[in-house]
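J.: here's a sequence, model it:
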Amino acid sequence: MDTVTLDTLRPGQWGRVAEVQGAPAMHRRLLDLGLVPGTAVCCTAVSPAGDPAAYLIQGAVIALRQRDAQGVTLDGGPWD
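T.: Purely as a prediction, here's the structure:
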């Protein structure tokens, strides 16, 4: 099975966080934003240039750069 990461979600698609990786400071920041294993996340918009994208995480919309979103592995999805 292919690994699905947060950056692959398109607007309206959902996934569930499986794992968060990255440099220590970014890893901590992503966890602080609510990207913890088991959390459902939805892509709400992608900028016209394609980067960054906005994600609905525990009731808040957060913009993430593609390189940061690539460190978030999804358990399942994408779901519409």
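J.: output the longest helix seen in the chain as PDB, nothing but the C-alphas.
T.: Counting residues, the longest helix found in the chain (DSSP state H) is helix 24-32. These are the backbone C-alpha positions of helix 24-32, laid out as PDB (Å, rounded to 0.1, in the frame of the first residue of the first chain):
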ATOM      1  CA  PRO A  24      12.200  18.600  16.200                       C
ATOM      2  CA  ALA A  25      10.800  22.200  16.100                       C
ATOM      3  CA  MET A  26       8.400  21.500  13.200                       C
ATOM      4  CA  HIS A  27       7.400  18.200  14.800                       C
ATOM      5  CA  ARG A  28       6.400  19.900  18.000                       C
ATOM      6  CA  ARG A  29       4.600  22.700  16.100                       C
ATOM      7  CA  LEU A  30       2.500  20.300  14.100                       C
ATOM      8  CA  LEU A  31       1.600  18.400  17.300                       C
ATOM      9  CA  ASP A  32       0.700  21.800  19.000                       C
END
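J.: which parts of whichever helix or strand comes after it are buried?
T.: Per DSSP states H and E, the first helix or strand lying C-terminal to helix 24-32 is strand 40-46. Using 16 or more other Cβ atoms under 10 Å as the test for burial, strand 40-46 gives 40-44, 46. Quick note: C-beta positions are derived from backbone N, CA and C, even for glycine.
J.: need those in a markdown table with pLDDT and distance to P78, can you?
T.: Compiled in a markdown table, the buried residues of strand 40-46 are given as follows (pLDDT from 0 to 100; distance: Cβ to Cβ, whole Å):
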| residue | pLDDT | distance to P78 |
| --- | --- | --- |
| A40 | 95 | 12 |
| V41 | 96 | 10 |
| C42 | 96 | 9 |
| C43 | 97 | 8 |
| T44 | 97 | 13 |
| V46 | 97 | 13 |
